[in-house]
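Colleague: I'd like to go over a predicted model; first the sequence, then the structure.
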Amino acid sequence: MSCRVKICGITNLEDALQALGAGADALGFVFYDKSPRYVSPDVANQIVSQLPPFVVPVGLFVNAPDDLVEQVSQGSVRWVIQFHGDETPEQCESYGKPYYKALRMKPDVDVLREASNYPSALAILLDAYKPGIPGGTGETFNWNAIPAQLPKPLILAGGLTPDNVATAVNTVKPYAVDVSGGVERSKGLKDPDRVIQFINGAKHGG
Ligand SMILES: O=C(O)c1ccccc1N[C@@H]1O[C@H](COP(=O)(O)O)[C@@H](O)[C@H]1O
């Protein structure tokens, strides 16, 4: 089975449909208002209502208030939630939605212990650590620091691009890869050629 791909930071229907046409499995919508990729719940739910079947829309939150998560979730039964902040396992479970938990690769992080704190997560996403920025940094991390026996499927993120994704997949062998900045032409807008190159690299080695 080839590696799955999530294209994150979708802000408009055209980019969503282009990514799906290129073979994306999941689309990410950033509900973190400090991100240049922020999208409002109304716009995101409007886009999600026009997606074909068998596509996973993923709502990304960073330490968000309950009412924001609930507002988004109520717009469609299809949402999977990506918690990208310091959310506790209890918070992640409290919305009754399937979720991924993002962990950032701080130098001293015990990934196995942290991941085991989220037994109800569908997957664990590993991202680069940059102080003061919760994600979407465009930076890679040391893939050799990833433990071999994670208790959940691994979504690899952080600084992936069309140039390094095939190496990343061959080295780490993740369940899926996730990209935001590496396939943009400007903040919040995707570059169709880079999206195609990225997905080909992830699924077919380039
Ligand atoms: O994309 C963002 O703006 C963002 C903001 C806050 C938290 C996470 C964010 N994106 C996620 O970060 C990783 C890596 O992104 P990049 O490829 O390095 O740009 C990925 O999981 C995005 O979903």
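Modeller: Right, received. Where do you want to start? Source: prediction; values computed, not measured.
Colleague: which stretch of helix or strand covers the closest residue to residue 116 other than its chain neighbours?
Modeller: In space, not counting the residues next to it along the chain, residue 116 is nearest to residue 151; the distance is 5.7 Å by CB to CB, 6 or more residues apart in numbering. Bear in mind the C-beta positions are built from the backbone N, C-alpha and C, glycine included. Following DSSP states H and E, one finds residue 151 outside all helices and strands.
Colleague: I'd like to know how far residue 151 sits from residue 100.
Modeller: Counting by CB to CB, to the nearest Å, the separation of residue 151 from residue 100 is 13 Å.
Colleague: Now list whatever residues contact both of these two.
Modeller: Taking CB atoms under 8 Å, 6 or more residues apart in numbering as the contact criterion, the residues that touch both residue 151 and residue 100 are residue 124.
Colleague: Model confidence score at the residue lying farthest from the centre of the chain, please.
Modeller: Each residue of the chain has a distance to the centre, and by CA atoms, centre = their mean the biggest one is for residue 108: 22.8 Å. The pLDDT attached to residue 108 in the predicted structure is 91.
Colleague: Return the residues in contact with the spatially most central residue of the chain.
Modeller: Taking CA atoms, centre = their mean as the criterion, residue 178 is the residue nearest the geometric centre of the chain, at 4.9 Å. The contact partners of residue 178, taken as CB under 8 Å, 6+ apart, are 5-6, 8, 28, 125, 155-157, 160.
Colleague: Identify the farthest-apart pair in the residues you listed.
Modeller: Using CB to CB, the contacts of residue 178 span at most 14.0 Å, a distance reached by 28 and 156.
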